[in-house]
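In: here you go, sequence then predicted model.
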Amino acid sequence: MSRAYAKYININLDKRIIYLVNLFYYIIWGGCMICLKKYISIISAFAVLAAMLFCGTAAFADNAEYFEFEMLSDNTVHISGYNGEQTEVHIPNSINGGTVTAIRNGAFKNNETVTAVYIPNSVESVEAQAFMNCQRLESVMLGEGVTALGYGVFQDCISLKSVSVPGGVQIIPAAAFWNCTNLARADIADTVKTISRGAFYNCNAVKSIRYNGTKAQWKNILIEEYNDCLLNAEIQCTDGMADTKLQAPTAKLTQNANGSFTISWNKIAGADKYEIYVDNGSGYKVFRTVTTTSTTTGTVPYGKKYIYKVKAVNSKISSVSSEFSNAVSGTNTKKLQAPTAKLTQNTNGSFTISWNKIAGADKYEIYVDNGSGYKIFRTVTTTSTTTGTVPYGKKYIYKVKAVNSKISSVSSEFSNAVNGTNTKKLQAPTAKLTQNANGSFTISWNKIAGADKYEIYVDNGSGYKVFRTVTTTSTTTGTVPYGKKYIYKVKAVNSKISSVSSEFSNAVNGTNTKKLQAPTAKLTQNANGSFTISWNKIAGADKYEIYVDNGSGFVLEKTAISLSFTTTPVNNNIQYSYKIKAVKNSDSSASSEFSNTVSGIRK
């Protein structure tokens, strides 16, 4: 079956009221008192439909965490799933600042807990099988903005007792209420032109249809096959209603300590519910409908004026609704609204926490809990902040508070908590360098969560290269060339997941001012019985001391500025050992350690 969609048709409420009034007077003045009881029943039948026609957009909380949804490029939201546990579900008219306009295919399909659903006026379409097989669903309130219903939208909702199809819907799609075996009441708007195949199949409990139009209009509706219950039901049509009014309530407003308002009013005889309207600067809209004589708002935007008025309603006779009460107004001077926070994990292992702008706030405090309770993390004037790379694999929880720096008492409650665990990158280590007395360097750094080894890189003037890989949090070089600058940095590594390696640490550098490097010596025996001792050039050295041991300990043999020394012919069968020390004329303390020992025997 193809999905049916419909164009929006605006209902002229003023004309409808006039028609209902004319019908009422026709009954009274025509003396048709026998018919009065029947028309009172018809009037009652249209109660829920009329209430929907007069209702605006309900100001329900933006409970985004209970819904799966997609934010579209035009700032509209389509709800695709529900993961809450409430039995009574109010679809929000906005999520994260975007207007909710659609409930997608199968969004609530097979839900086992929901018993009532209220769909706001912002929603334009409820798509195929959106509530299919919700076996506990008893009642549905479709907002007046709904213009399109999808195939099988309420199929197999066996507990559904009543439904009102709002004005604007032209097609009731195929299988819309298929097998709704307990559906007893159906109110249908006069905009409906087609009732598709099997829309009310096996709805045998339907005994009457309240049609908000004339009998002639009903006869013009195309009713396709497998809708036998409609053919057998009593069709109640109407052209008008009586012009009776309830008394208007008297309203008052109280501002609460949390920045909310309580609106209260007197009980009105004949009323079974009350509609509260609000004007926040863009005209009055329905805020809430209640059966009590008071209601409390959430915390409203700080410093903004809100005006409320109340209407008394009889749900069985919509035409007797009262005039509006007196208007009551209030401006929240008590509390800022709590922000709504969200968290995004970035590729470098950091988090971005963002939230909505709060009226009256000039800064925001961000709190973090990394396992030891919440502490203030940062204060900003923007509506987002990005952390550094957090420890790998550790859960962090954040919440936000809106603050007015001039009036500390109006600080908001905390936002919702948002959390994340870094699965992208290890934190970069923080390195430091210590120069040792022997002219070596010790590079050390902090332990990084998730790392099992560390790569140390060195630049001695020709670019960075890997110097060493260790599992500890420090490493010590050998004695480096005297007077030459060396730069080091460190990277944390997980050997099992190479992609999470950290960025480089800060660079640390040092120049050896402590010791010359020790030379590396070698010995060659010459044909004449002498030895030649040679060694490598040592940076920073002005001369080299050659020491000899012929059996009675090392003594200084010679000081040279060259890189070799040849002895005179030595005695036979005696071992001669030599070692070298590099020396700096201007700084005797920088003299190197001895080189390796080299030895020779003249045969």
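Out: That came in fine, so what should we check first?
In: phi, psi of V410?
Out: phi -90, psi 10 (degrees, to the nearest 10).
In: what pLDDT does the model give it?
Out: V410 carries a pLDDT value of 93.
In: likewise for F24?
Out: 39.
In: and if you look at T568?
Out: The score at T568 is 94. That number is its pLDDT.
In: do S372 as well
Out: With respect to pLDDT, S372 has a value of 92.
In: excluding its backbone neighbours, what's nearest N256?
Out: For N256, ignoring the flanking residues on the chain, the nearest one in space by CB to CB, 6 or more residues apart in numbering is T262 at 6.1 Å. C-beta coordinates here come from the backbone N, C-alpha and C atoms, glycine included.
In: swap in Y457?
Out: That would be Y464: by CB to CB, 6+ apart, it lies 4.5 Å from Y457.
In: thought that neighbour was touching I456?
Out: No. Between Y464 and I456 there is no contact, the gap being 10.2 Å when judged by CB atoms under 8 Å.
In: between the two, which contacts overlap?
Out: Common contact partners of Y464 and I456 (CB atoms under 8 Å, 6 or more residues apart in numbering): K489.
In: the more surrounded of the two?
Out: Remark: of Y464 and I456, I456 carries more neighbours, 21 against 14, as counted by other CB atoms under 10 Å.
In: residue contacts, the more buried one?
Out: 443, 466-470, 475, 488-490.
In: hang on, the earlier thing: ok but the residue nearest to N256 is inside a helix, no?
Out: No. With DSSP: H, G, I helix; E, B strand; the rest coil as the criterion, T262 is located in strand rather than a helix.
In: bridging residues for it?
Out: Beta-bridge pairing for T262 (DSSP bridges): T254, T296.
In: pretty sure it is touching L253, no?
Out: Yes. Counting by CB under 8 Å, L253 is a contact partner of T262 at 7.2 Å.
In: report pLDDT for S2.
Out: pLDDT, read off for S2, is 27.
In: so where's the stretch 1-150 of the chain shaky on pLDDT?
Out: For the stretch 1-150 of the chain, applying pLDDT under 70 flags the ranges 1-63.
In: what about the helices in it?
Out: In the stretch 1-150 of the chain, the helices defined using DSSP state H, counting those that start in this stretch lie at 13-29, 33-45, 47-54.
In: can I assume W218 sits in a helix?
Out: Yes. Using three-state DSSP, the assignment for W218 is a helix.
In: with adjacent residues omitted, what lies nearest to it?
Out: Nearest non-adjacent residue to W218, counting by CB to CB, 6+ apart: Y211, 5.2 Å away.
In: for that neighbour, what are its contacts?
Out: 187-188, 190, 217-218, 235-237.
In: could you check the pLDDT of it?
Out: For Y211, pLDDT reads 88.
In: and Q236, by the same measure?
Out: For Q236, the model assigns a pLDDT of 82.
In: quick one: strands adjacent to the helix or strand harbouring T289?
Out: Using DSSP states H and E, T289 maps to strand 284-290. With DSSP bridges as the test, strand 284-290 is paired with strand 273-279 (antiparallel).
In: in the partner strand, what's buried?
Out: 274-279 (16 or more other CB atoms under 10 Å).
In: got it, and stretch 560-579?
Out: 565, 567, 570, 576, 578-579.
In: same check on stretch 189-208?
Out: Neighbour counts using 16+ other CB under 10 Å place 189-192, 194-203, 206 of stretch 189-208 among the buried residues.
In: can you check stretch 115-134 too?
Out: Buried residues in stretch 115-134, defined by neighbour count with 16+ other CB under 10 Å: 117-134.
In: and stretch 469-484, by the same measure?
Out: 473, 475, 477, 479-482.
In: same thing with stretch 334-343?
Out: 334-343.
In: closest to I158 among those?
Out: Nearest to I158 out of these is T340 (CB to CB; 36.8 Å).
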